[in-house]
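Chemist: Provided below for reference: sequence and predicted model.
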Amino acid sequence: MSHVVSVRSLAALAAVAAVFTASPARADAVSDFYKGNTVSMLLGTGPGATYDFYARILAKHMAHHIPGAPNVVVGYMPGAGGLNMFNHLYNIAPKDGTVIGNTFGTLPINQLFKPDAARYDARKFNWLGSVSRDVSVLAVNATAPVKTLEAAKSAEMIIGSIGLGNGTYYFPALINTVAGTRIKIITGYPSGNEIYKAMEAGEVHGYAPVWLSLVSVKPDWLRDKKVALVACMRTLLLILNAMLRDQKPWRMVAA
């Protein structure tokens, strides 16, 4: 799952491009617009998690690459797995390049899966780039009663999720569809940090974060073997492609 940055107007894209390609007159116009202005970078999650970490680093350096060096601030709009922020960015936020979104890479496909909730057209955003290329993993507490996909076919595994429009939901839901597991997905957590807390409290068994989130936020869990890695999204996609190619059902292979 990638962390992608988008805007709803041509202004911000032009501002970035102007550094390298614009004529002096065009660069001055863009510089005059952004000088003393503020650019809001909206997140679809709450503060403190990996997306916030990415956004703060990006905001710190991004202003130096926009003519006029505007002040770039990070704002939070959690809810519906990031859809609240994306809908706001498309339908309500100013279209002058002063509001951008740092969002989930899964949001464009929400138009296919949840057209009623996704009130935007991802094709009409200007996609500025991706901060990273991440791999989702499914991790559960080492003390959880169910710690393998095979076991999850006969017993319930409870997983926390940020929301339906997010990879923390799509990944375990895909596992249920492909492998016939009984993963129960609890949605509504404002951020990954809240799900980590829920795991510590025993409220849920696990979570499907990106790998970088797990190793950066909870390195001690990995070091002390407090979590078990159940699945990797990249591996699951390879298995799924092989299933489609060979027209064969899911088959668990022992490591």
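Modeler: Right, received. Where do you want to start?
Chemist: Domain-wise, how is the protein divided?
Modeler: For the chain, the structural domains run 2-133, 137-246, going by automatic domain parsing.
Chemist: Look at the shortest one and report the distance between its end residues.
Modeler: What it means is domain 137-246. Taking CA to CA, to the nearest Å, the first and last residues of domain 137-246 lie 25 Å apart.
Chemist: what mean pLDDT does that domain have?
Modeler: Mean per-residue pLDDT for domain 137-246: 88.
Chemist: where along the stretch 101-250 of the chain do the strands fall?
Modeler: 126-133, 137-141, 157-160, 183-186, 206-207, 227-232 (DSSP state E, counting those that start in this stretch).
Chemist: how distant is the fourth one from the center of its chain?
Modeler: With CA atoms, centre = their mean, to the nearest Å as the basis, the distance from the averaged C-alpha position of strand 183-186 to the chain average is 18 Å.
Chemist: got the contact list for that strand?
Modeler: 152, 156-161, 169, 172-173, 175-176, 204 (CB atoms under 8 Å, 6 or more residues apart in numbering). C-beta here means a position set from N, CA and C on the backbone, and glycine is covered the same way.
Chemist: Against D246, how distant is Y196?
Modeler: 38 Å (CB to CB, to the nearest Å).
Chemist: of these two, who's got more company?
Modeler: More crowded of Y196 and D246, by other CB atoms under 10 Å: Y196, with 23 against 8.
Chemist: Check the burial of D220 by counting its neighbours.
Modeler: 8.
Chemist: and it, what does it touch?
Modeler: Per CB under 8 Å, 6+ apart, neighbours of D220: K226.
Chemist: Can you give me the distance of it to V99?
Modeler: 37 Å.
Chemist: before we move on, back to that, now the contacts of strand 183-186 in CSV, with distance to A228?
Modeler: Formatted as CSV, these follow (distance: CB to CB, whole Å):
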residue, distance to A228
A152, 12
E156, 16
M157, 11
I158, 14
I159, 13
G160, 16
S161, 18
Y169, 20
P172, 15
A173, 20
I175, 15
N176, 18
V204, 14
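Chemist: so where do the helices sit in the chain?
Modeler: Using DSSP state H, the helices found in the chain span residues 10-21, 24-34, 50-62, 83-91, 110-113, 167-179, 192-201, 211-217, 219-223, 233-246.
Chemist: Quick check: buried residues in the third one?
Modeler: Across helix 50-62, burial judged by 16 or more other CB atoms under 10 Å covers T50, Y51, D52, F53, Y54, A55, R56, L58, A59, M62.
Chemist: Which one of these is nearest to W211?
Modeler: For the buried residues of helix 50-62, the residue nearest W211 by CB to CB is T50; the value is 10.0 Å.
Chemist: Can you read off the pLDDT for the closest one?
Modeler: Note on T50: pLDDT of 72.
Chemist: hang on, it packs against W211?
Modeler: No. T50 is not in contact with W211 according to CB atoms under 8 Å; the separation is 10.0 Å.
Chemist: quick revisit: just put the strands of the stretch 101-250 of the chain in a markdown table and tack on distance to F104 and mean neighbour count.
Modeler: Output for the strands of the stretch 101-250 of the chain, formatted as a markdown table (distance: least, CB to CB, whole Å; neighbours: other CB atoms under 10 Å):
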| stretch | distance to F104 | mean neighbour count |
| --- | --- | --- |
| strand 126-133 | 11 | 14 |
| strand 137-141 | 16 | 24 |
| strand 157-160 | 16 | 25 |
| strand 183-186 | 16 | 19 |
| strand 206-207 | 15 | 26 |
| strand 227-232 | 18 | 19 |
